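S.K.: how would this look folded up:
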Amino acid sequence: MKTITVWSTGLNQSACMRKYDFNVNQLRVPHTSAPSLEKGTLVHLAAEVYYKGIMKGVRFEQRVAEALDEMGAAASSTGLSSEDIVMCHKTMKEYFDYYRGDPLVPIAVEAPFAYELAQYEPDEDFPEGLQIIFEGKFDAVFKNEQQDCILVADHKSGSRNSEPSGLSNQAMGYVVAGQQFGAKRMMMINKIGFQKTLPAEKKFVRHILPYSKEVLHDWVEWTIARAMYIDRCQESGSYPPDFTKCDEYSGCMYKDVCLAPPNARQGILQRFFKVGEKHDVFEGEE
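M.R.: Predicted coordinates for the structure are as follows:
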């Protein structure tokens with residue numbers, strides 16, 4: 001049976017298949033990571049160590065110390081300034097203190113998953129049959145002991161207060177996949193803010209994104225269609241660009257590549273971008 005595997009970042013990149021080719025197939029990424037991404041990585045590491053400590057029954061003071069120590073060790077290999085590293089340390093220490101006695105108890109941390117969205121019997125298009133898989137990695141799955149329910153959660157760090165969008169491939173996909181844990185049809189966005197002047201209750205906010213069955217059904221149907229589209233592009237080796245995406249947000253990082261003649265693009269990619277890591281949510285898993 002043929003298997004097509006998709007994940008949230010790949011789905012987002014597929015809005016422009018030329019970008020998908022550069023980023024997902026060729027793994028071309030900037031030589032240096034943005035500070036916001038590196039700080040986010042440190043926050044995720046500290047949260048992972050802390051919440052795994054809860055699952056192991058480690059006492060509060062020890063798991064905080066272990067989380068901050070591992071984050072500090074990892075920070076030394078980043079390009080972050082000493083000021084940013086200190087900010088990460090202070091922020092996570094304050095976060096752990098703020099949520100001490102939290103009614104949300106982790107039942108899974110940094111847990112990879114592969115969730116089957118659809119399976120089709122053999123036909124003319126797919127003689128061997130077809131299976132479509134959505135995969136990812138839960139930052140955490142919590143049980144709320146006060147309300148006796150299970151929530152899928154994603155940690156988001158940053159320096160600005162903003163409302164998360166419910167129309168997110170990651171959020172909707174993770175809620176769909178969270179059904180394997182018996183999770184409710186909602187996503188918890190666990191905001192961890194770096195603001196220096198805000199009190200803890202405004203820096204650390206848990207947004208709940210609820211979904212109806214119909215909305216999640218729409219997402220599944222769209223993802224199945226998008227997976228088949230990506231597969232057709234991969235099979236044909238044709239990756240059409242979408243020029244409506246070039247100036248979104250701060251602009252596509254591959255704009256200069258696309259402005260170059262086709263025979264010069266690979267040279268520009270090789271010069272200005274390095275080869276990053278291949279997507280593999282199960283790497284290191286036994």
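S.K.: phi, psi of Asp84?
M.R.: phi -70, psi -40 (degrees, to the nearest 10).
S.K.: list the contacts for it?
M.R.: By C-beta atoms under 8 Å, 6 or more residues apart in numbering, the contact set of Asp84 is Pro35, Glu38, Lys39. Placement of C-beta: from N, CA and C, glycine included.
S.K.: let me have the residues you listed in CSV, extended by secondary structure, pLDDT and distance to Arg226.
M.R.: Shown next, in CSV, are the contacts of Asp84 (DSSP: H, G, I helix; E, B strand; the rest coil; pLDDT from 0 to 100; distance: C-beta to C-beta, whole Å):
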residue, secondary structure, pLDDT, distance to Arg226
Pro35, helix, 93, 32
Glu38, helix, 96, 30
Lys39, helix, 96, 31
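S.K.: buried among these? Make that a PyMOL selection.
M.R.: Per 16 or more other C-beta atoms under 10 Å, the buried members of these correspond to this PyMOL selection:
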select buried, resi 38+39
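S.K.: wait, which of the contacts of Asp84 is closest to Phe126?
M.R.: Glu38 (41.7 Å; C-beta to C-beta).
S.K.: look up how far Phe138 lies from that closest one.
M.R.: 22 Å (C-beta to C-beta, to the nearest Å).
S.K.: regarding the nearest residue to Val205 once chain neighbours are set aside, what is its secondary structure?
M.R.: Leaving out its chain neighbours, the residue that sits closest to Val205 by C-beta to C-beta, 6 or more residues apart in numbering is Lys191, at 4.6 Å. Three-state call for Lys191 (DSSP: H, G, I helix; E, B strand; the rest coil): strand.
S.K.: confidence score at Lys191?
M.R.: On the pLDDT scale, Lys191 is placed at 97.
S.K.: what of Pro127?
M.R.: Reported pLDDT at Pro127 in the predicted model: 87.
S.K.: same deal with Lys156?
M.R.: For Lys156, the predicted pLDDT is 96.
S.K.: neighbours around Lys203, how many?
M.R.: 20 (other C-beta atoms under 10 Å).
S.K.: compute the distance between it and Glu94, please.
M.R.: 7 Å.
S.K.: please apply the same query to Ile208.
M.R.: 22 Å.
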